[in-house]
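In: Build the 3D model from these lines:
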Amino acid sequence: MNTLTQMAATYAQKTPTSCVPLAQSGSHRRYYRFTFEDNSTLIGAYNEDVTENRAFFEYTRFFDAQGLNVPKLLAVHEDQKHYLLNDLGTQTLYDKLCEIRKENGGFQEVMDDYRKVVAALPKFQLTAKKGLDMSVAYPRAAFDRQSMQWDLNYFKYYYLKMVYIPFNEQLLEDDYQAFMDYLLAADDDYFLYRDFQSRNIMVLQDDVYFIDYQGGRKGALQYDIASLLYDAKADLSPEIREELLECYLDNLSQLIPVDRQQFKAYFNAFALIRIMQAMGAYGYRGYFERKTHFLQSVPYAIRNMRYLLEHHALPEHLTELRQVLQTVVDSYVETIPQNTENLTVTIQSFSYKKGIPADNSGNGGGFVFDCRALPNPGREKKYATFTGRDECVIRYLKQYKEVETFENHVFAIVDMSVDNYLERKFTHLTVNFGCTGGQHRSVYFAERTAKHLRAKYPQIEVELTHTNPMVER
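Out: Just a heads-up that it's a prediction; the model follows:
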């Protein structure tokens, strides 16, 4: 912050009167809004990843020179980790959409903004043919087989495995390769924005501006428009998607020849891989990093996947992939919440030596599961410095049948209460796991139960706490 403050003061030739950190999203970049005495503002940014920053700097300068609506790059520190941008305000297209829906439930009031977005997109995509330096692309120069493989594996390991969807690994891999063969047959000599969605579009003074394109690379035209139209929580209707797709193609066809039938065939396939990538991201952020708000997008993504499978089926020969995606859709209960007061499940591990944690919700009740009758890794010296979150302890406990039986019973009992609480619109449930030291068994089951509930009930909030400070070391 000291570096950014000095940069802001030097650029503006006056000292900022305030510096407010902005909320982080899915990235590790940090942003600050500097305000000056005359109420003018600018944005300071910090990112450790210099390679990613270089891509952002190059793209920003080039897009700006092309007259595209992107932030102005005001100053870059010599370390290329700190930089200043002009302030594009606080309202994203997604924010505006949510505000209008909250007021009247409609969409038409943002339709003009969406039309501006789909009119601007082809101009970004065609910059790859106008001298944009793609050698700075990060982390790949193109949305090629390697990039697609990363996305498909992201879906496999951070969604399918996290929610226990069964599949044959080899057959699924074979279908992945065939699916990529099809996608790679599309013309891919364009700029692919990569994360083209409503949260990366700012609305300012009746115009739209574009941010977060540092992951851009060469790729097919269909990917970005599919990202926008199948943006999970934007929740666009099929009719709106079709209208906006036609609007996009009208604008694109003014710049290059377009075979609409062929474009739409590839569009549906790219929409599907984008949804799979997004669900992998939701799983990684939600289940692995425990940022549970990302899981709120899962129901919308699955609804979009269901629509694509019903109306634009995969080729018949991709049997394992089609079966896996159908299982994802069929095994998921429609859980898009209609009320704003969601159920919160608080899960805690504790040591019986220090007593059962207090219930601060004011509701009382809940569950306390005693894990002390189960095999105890704490009796072996080699596990003394590990906890129930460490792989060696997890392997130790999983080898015992009674641990699996205990877990199955816990899940069944807790699920029954969650189902009932959701139906009755209750807002809180407490689940506690205790063992001798609050280090191994209780931690293991608290982690497992949190993971299970987040996968099965993405509409609820799961708060996980370990009372033993060693666990959070």
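In: which ones are touching the closest residue to residue 237 other than its chain neighbours?
Out: Spatial nearest neighbour of residue 237, excluding adjacent residues (CB to CB, 6 or more residues apart in numbering): residue 107 at 7.6 Å. In short, each C-beta sits where N, CA and C put it, glycine included. With contact set as CB atoms under 8 Å, 6 or more residues apart in numbering, residue 107 has these partners: 97, 100, 101, 236, 237, 240.
In: Adding neighbour count, write these out as JSON lines.
Out: JSON lines is the format used below for the contacts of residue 107 (neighbours: other CB atoms under 10 Å):
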{"residue": "97", "neighbour count": "23"}
{"residue": "100", "neighbour count": "15"}
{"residue": "101", "neighbour count": "15"}
{"residue": "236", "neighbour count": "21"}
{"residue": "237", "neighbour count": "9"}
{"residue": "240", "neighbour count": "16"}
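In: What about the residues you listed, which are in helices?
Out: In this view, those that belong to helices under DSSP state H are 97, 100, 101, 240.
In: need the contact list for residue 129.
Out: 189, 190.
In: swap the cut-off to 10 Å and go again
Out: 189, 190, 191, 256 (CB atoms under 10 Å, 6 or more residues apart in numbering).
In: Equivalent analysis for residue 282, please.
Out: Residue 282 is in contact with 26, 158-159, 162, 232, 291, 293-298, 300-301, 458, counting by CB under 10 Å, 6+ apart.
In: Would you indicate which residues of the host helix or strand of it are buried?
Out: Applying DSSP states H and E as the criterion places residue 282 in helix 260-283. Residues 263, 266-283 are the ones in helix 260-283 that count as buried (16 or more other CB atoms under 10 Å).
In: Follow the chain on from it and name the next helix or strand.
Out: helix 298-311.
In: Which elements pack onto the helix or strand hosting residue 147?
Out: Take DSSP H and E as the rule and residue 147 turns out to sit in helix 145-155. Judged by 3 or more CB pairs under 10 Å, 6 or more residues apart in numbering; DSSP states H and E, helix 145-155 is in contact with helix 169-183, strand 217-219, helix 260-283, helix 319-330.
In: same thing but at 8 Å, please
Out: When contacts are defined as 3 or more CB pairs under 8 Å, 6 or more residues apart in numbering; DSSP states H and E, helix 145-155 sits against helix 169-183, helix 260-283.
In: what's the closest non-adjacent residue to residue 14?
Out: Leaving aside its sequence neighbours, residue 14 sits nearest to residue 36 (CB to CB, 6+ apart; 5.6 Å).
In: before we move on, back to that, want to throw the contacts of residue 107 into CSV with pLDDT and distance to residue 31?
Out: Listed next are those as CSV, based on pLDDT from 0 to 100; distance: CB to CB, whole Å:
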residue, pLDDT, distance to residue 31
97, 92, 22
100, 87, 26
101, 82, 26
236, 93, 28
237, 92, 33
240, 94, 31
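In: what's the farthest-apart pair in those residues?
Out: Between any two of those, the greatest separation by CB to CB is 14.4 Å, found for 100 and 237.
In: Tell me where the model's unsure across this protein.
Out: The chain contains residues with pLDDT under 70 at 24-26, 105, 290, 292, 333-341, 360-364, 472-473.
In: What segments of it are strands?
Out: 18-21, 30-35, 41-46, 73-76, 82-86, 190-192, 201-204, 207-210, 217-219, 344-351, 367-370, 428-435, 461-466 (DSSP state E).
In: contact partners of the first one?
Out: Read that as strand 18-21. Contacts for strand 18-21 (CB under 8 Å, 6+ apart): 1, 4, 5, 8, 30, 31, 32, 33, 34, 35, 44.
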